[in-house]
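Novice: I would like the atomic coordinates for the input below:
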Amino acid sequence: MHEALRAGRDVKRIVLAEGIHLSGVLADIVTLARKQGVSVQRLERRAIDRIAKTDRHQGVVAEVSEFDYATVDEILDAARGRGEDPFILILDTLQDPQNLGTLIRTAEAVGVHGVIVPRHHAVGVTPAVAKASAGAVSHLLIAQVANLARTIEELEGRGVWVVGIDVTGERAYDEVDLNMPLALVVGAEGKGIGRLVKEKCDLLVKIPMRGHVASLNAAAAGSIVLYNAWRQRGREKRRSS
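Specialist: Predicted coordinates:
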């Protein structure tokens, strides 16, 4: 909510529980809302429960417009505008809002230019995803596409290398040079990257495992490789400066 207001997203109104004390972040939210002309109302907590469809809202709820998805072209333009090689995260049919939110949060933290998700058979940007992302959805371009495999082909045709994280990967993630126009693909929980999407990847990398667990969940695996790619890209910038 705080990040949505800071990013200038279309917040319709802020609803506060009667009797809640305005301090800290909550006071900042109300101040930002009033500066932007957003309505601030107080209601009984039971009324807020109905609006939020949960009683886990800490006494404050924001009503926002439906999420405004970007296009793939806008993501590529964002990279160009920053004078950088594209750095994109592609998520193949994730179902868990927590995983999606966590990956969006990591992607924003490491400077990814945009995230691409499929329109069908996957979770989109919901209030639960926004909360799990700690507000990162308000600062990152997210595109929703009808056909992920076709989108990958189009990216490759525009000079972007597509690297998937998969247990069948030929090389370990930290043995590959990721300092290039890059789209990193993270697969769905349990089943990983789908066959058609996997076939479209230029390269598959794996995360070596030492313990008894065979693999990491989508959010953990994606975050590890995202940070490695960011480290490589950052190192190259320092060398050239």
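
Novice: which residues of the chain score low on pLDDT?
Specialist: 1, 3-4, 7-10, 56, 65, 214, 235-241 (pLDDT under 70).

Novice: who's in contact with the closest residue to Gly159 other than its chain neighbours?
Specialist: Excluding its sequence neighbours, the residue lying closest to Gly159 (C-beta to C-beta, 6 or more residues apart in numbering) is Pro181, at 5.4 Å. Placement of C-beta: from N, CA and C, glycine included. The neighbours of Pro181, taking C-beta atoms under 8 Å, 6 or more residues apart in numbering as the test, are 85-86, 159-161.

Novice: counting residues per helix, which one in this structure is longest?
Specialist: helix 218-240 (DSSP state H).

Novice: List the buried residues of it.
Specialist: Neighbour-count burial for helix 218-240 flags 218-219, 221-226, 228-230, 232-233 (criterion: 16 or more other C-beta atoms under 10 Å).

Novice: now swap in stretch 25-40 and tell me
Specialist: So, applying 16+ other C-beta under 10 Å, buried residues of stretch 25-40: 26, 29-30, 32-33, 38.

Novice: again, but for stretch 79-97
Specialist: 79, 85-94, 96-97.

Novice: again, but for stretch 39-51
Specialist: Neighbour-count burial for stretch 39-51 [16+ other C-beta under 10 Å]: 48-49.

Novice: Could you do stretch 112-132 as well?
Specialist: Neighbour-count burial for stretch 112-132 [16+ other C-beta under 10 Å]: 112-118, 122-125, 127, 129-130, 132.

Novice: Where does Val40 sit: helix, strand or coil?
Specialist: strand (DSSP: H, G, I helix; E, B strand; the rest coil).

Novice: wait, it sits on Ala27?
Specialist: No: taking C-beta atoms under 8 Å as the definition, Val40 is not a contact partner of Ala27, at 11.4 Å.

Novice: Show me what the longest strand anywhere in the chain pairs with in its sheet, parallel or antiparallel.
Specialist: Ranked by residue count under DSSP state E, the longest strand found in the chain is strand 11-17. Applying DSSP bridges, strand 11-17 is found paired with strand 39-43 (parallel), strand 60-64 (antiparallel).

Novice: Now do the helix or strand following it against strand 60-64, angle only.
Specialist: Downstream of strand 11-17, the first helix or strand assigned by DSSP states H and E is helix 24-35. Computed by axes from the mean of the first three to the mean of the last three C-alpha atoms, to 10 degrees, the angle separating helix 24-35 from strand 60-64 equals 40 degrees.
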